[in-house]
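Trainee: Structure for the following, please:
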Amino acid sequence: MNVLAEAQVSSQDSVPALAGFIASSFSPLVAEVARRCLSGVTPNPATAIVIVSPDGDVETARAAASGGRVSPLLFFQAVPNAIAGYIAAKWDLRGPVVCLEEPGIEGGVEVARIIIRDGDADEALVVFVGDGARAVLVRGVRP
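Mentor: Numbering: from 1, shown residues only. Purely as a prediction, here's the structure:
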């Protein structure tokens with residue numbers, strides 16, 4: 001796998017708010033690290049998105065489970081597919097979207113390798129979200 005670009009965002013970094021996403025830093029963090037990673041390159045439209053997080057969006061889960069009236073936006077953003085779809089639309093990426101519960105970015109890169117090898121995408125944006133976020137844009141060589 002060739003790494004075309006990479007970026008990192010610390011959990012202490014200030015990231016811009018993201019319209020339509022509330023009560024959690026998870027989705028804005030993913031969008032920001034993707035922006036930083038993709039800004040210096042022209043991603044291929046056949047780019048997959050692989051989001052990896054061992055815990056998912058804990059803040060949204062807590063907000064939704066807090067009792068009382070729950071905002072409908074929390075249902076929308078409760079799964080990582082929501083921010084993956086946002087990134088796909090913003091960057092015109094038309095490859096598959098996969099969300100994984102993994103302990104590190106390596107599992108996401110391995111899934112990207114399989115997606116590319118199988119011909120479902122030419123490259124993949126892999127985003128790991130834990131304490132902060134890291135993104136890599138990878139391209140593989142098909143056999």
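Trainee: which parts of the lowest-mean-pLDDT helix or strand in the chain are buried?
Mentor: Scoring the helices and strands of the chain by mean pLDDT, DSSP states H and E places helix 72-77 at the bottom, with a mean of 80. Within helix 72-77, the residues that qualify as buried are L74, F76, Q77, counting by 16 or more other Cβ atoms under 10 Å. C-beta here means a position set from N, CA and C on the backbone, and glycine is covered the same way.
Trainee: Name the nearest residue to the last one, ignoring sequence neighbours.
Mentor: What it means is Q77. F21 (5.1 Å; Cβ to Cβ, 6 or more residues apart in numbering).
Trainee: Then the second one?
Mentor: For F76, the nearest residue in space outside its immediate sequence neighbours is A82; the separation is 5.5 Å by Cβ to Cβ, 6+ apart.
Trainee: repeat for A31
Mentor: Nearest one to A31, counting by Cβ to Cβ, 6+ apart, is L18 at 5.4 Å.
Trainee: In this structure the one you found contacts S27, no?
Mentor: Yes. L18 is in contact with S27 according to Cβ atoms under 8 Å; the separation is 5.7 Å.
Trainee: Among those two, which residue is more densely surrounded?
Mentor: Set L18 next to S27 and count neighbours by other Cβ atoms under 10 Å: S27 wins out with 25 against 18.
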